[in-house]
Structures are given as structure tokens and as C-alpha cells.
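**Q** Fold the following and give me the result.
(one chain, ligands or ions: 1)
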Amino acid sequence: MNTIYFDSSAQDEVRRQQLYAGQLFVFSPRPSVIALCQLARDLIEATLGSPIPQRAEDGLSVKEFLVAESSLKQQIMHHPQTKLLIQSLLQEFGCDLSKTYFDLPQLRIMPYRGYLPNGEGMFHDPHRDTWYAAPQCIINWWIPICDFASESALAFHPLYWKEPAQNDSEQFNQGQDYKINFREAEFPHPTEKVVIEPEIRVVCPASGILLFSGAQMHSAVPNTSGLTRYSLDLRTIHYDDAVAGKGAPNVDSHSPDALLTDFIQAADFTHFLNVTESQMKGAVVL
Ligand SMILES: [Fe+2]
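**A** Numbers count the residues shown, from 1 in each chain. Just a heads-up that it's a prediction; the model follows:
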């Protein structure tokens, strides 16, 4: 990895190849993303108060916060407008809707450091999304709902694009309902000390997008910004790439198989027809 493309006009086919090669893409706010974020903001404000609380945890016990967070995750995932807004988003970004499949977006709320003393670790640990039973072609569209700072950003750890890190991904249990109880789920971790530096943090405005391969080693920076961070994780796969086993190089993911049946086609919202594990994990090294 060596390049961050800003507002690139590359076609989706080219963009995917660059992502599989470890490059990052950052985009300014666009109408479809603004609309998706506005829906999320409306739901957050209705649940946590208005205007959107940049210190969501203030005044809430940890238990109350977790209940509100869990409710919001479900509200955003299952709102009748969500799929349509994502369809518009993928269209605006030039994706072939009949070939592009997406998972319902996951809301992430990052309280300031120390608020969740028992839950912080798993959010900060460096990891690859491909450790979580995902194919090597998975792409993460990371969307900040509010402005955020370097002190609450994602960090990428480029040393590990080509280098493996020992991890326990082979034990990942995809049967757990991590989409509901994300903070209580058991996710793969490194089993050796990961060298954090050098790291790359990308800061963009609210409703911007950061696109990266799920094979990127990344972590959530401990939030010392003084403000709660709200973001959406939207993950996509391209059907042809999944079937052909294309994607980023697999240097250390040993998770058992992939969760593709949750993915829905952007054109008609039908579910992904699964392909074999060997096709998905046998990614072509670019
Ligand atoms: Fe991640």
C-alpha cells in the first residue's frame, strides 16, 4: 500500500483492484451519502436527544448506553429506507448493482476513552475484517456520521499489508449473533504484539467515505477527542470476485468460512448464493 486516492474518478473495476492492492480511497460528501447519514442522525437524535449528542455517554449509565446503542444499530439496519439509500449510494459510486452485494450497515458509536473499561480492548485491537469469516474481496465503506478528529479515527498499520500477524481467527464462530451484541461478541485478536507504528489515520468530513480492503490491518484509535464518534460500516463484495476467489492477498486469515448469505444484491435485494469456502479463501495474490 502506498497511495490514498482523493475523490478518484476511477471506475469501480479499477478501484476494486487498487483496493485489493492495499490502496485507500477517500471521498468528499456526496448527496447519497449525506442522505444515508441524515437518516442515521434522525434516528440517533430520536433515541439519544437532539441535536445529535457528541457526548452520548454523558448522563447515561453504561447499561443505558448499551441498550440505546443496541436499539440504534437495529433501527438503522432495518429501517425501510436503509436499503434504498445504500442502493443510491452504490449507484452514485458507479458500482454494478447486479454484481454488487452489501451487508446491512453497522452503526459504530465510540465513546470517549475509559467509559467502557471492559469493552474498550476489542475495539482498539488491531485486526483485519477478513479474520471475521469474510472473503478476501470484502470492501469496507467507512462513513462518519459526524465530523471527527484524528484522536477518534481509524488507524491503518501498513507494515502488515504484506506481513502476517499471529492471530486466533481460526476460532471465529460465525454463529454468534455479533450484529446484535457486538460489544459482547468474541472476535479474533492478534496473539502477538502488533507493531502499531507507523500508522495512517485518514480524517474526512461527516458524510465523506473512506474505502479500504477488509484485509487491511486497522484499529480504532482510543477516543481522546472529547467527542463521541458515530460512524457506519458498510461492507460490499463483488459477485464475480467472490466466485473467482479474487481479492486482497491472504497473509494470515484462517477463519473457517464466510458469512455471505447475509449479503444482498444492490439491484433487487436478493440474498447472495453462497460459493465454496475454497473459492472465497483462495484469494488471488495481486
Ligand atoms: Fe474492522
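**Q** so what's the backbone phi/psi at L234?
**A** phi -120, psi 130 (degrees, to the nearest 10).
**Q** Are we agreed that L210 is in a strand?
**A** Yes - going by DSSP: H, G, I helix; E, B strand; the rest coil, the assignment for L210 places it inside a strand.
**Q** Tell me how many other residues surround it.
**A** A count of neighbours around L210, defined by other CB atoms under 10 Å, yields 21. C-betas here are computed from N, CA, C, even on glycine.
**Q** Also V243?
**A** For V243, the count of nearby residues is 16 (other CB under 10 Å).
**Q** Looks to me like it is in a helix.
**A** Yes - counting by three-state DSSP, V243 is part of a helix.
**Q** Look at it and report its pLDDT.
**A** With respect to pLDDT, V243 scores 90.
**Q** same check, this time on the one 5 residues further on
**A** As summarised for this prediction, A248 has a pLDDT of 97.
**Q** Which stretches in this structure count as strands?
**A** Assigned strands in the chain, in chain order: 4-6, 24-27, 100-102, 106-110, 139-144, 154-156, 200-201, 209-213, 218-220, 229-238, 264-265 (criterion: DSSP state E).
**Q** just so I know, which of those lies nearest E192?
**A** Nearest to E192 among the strands of the chain is strand 218-220 (14.6 Å), distances taken as CB to CB.
**Q** In this structure I34 contacts S207, no?
**A** Yes - assessed by CB atoms under 8 Å, I34 is found in contact with S207 at 4.6 Å.
**Q** Let me know how buried Q74 is, in neighbour terms.
**A** Applying other CB under 10 Å, we find 15 residues neighbouring Q74.
**Q** Check the gap between D129 and R30 for me.
**A** The gap separating D129 from R30 is 23 Å, by CB to CB, to the nearest Å.
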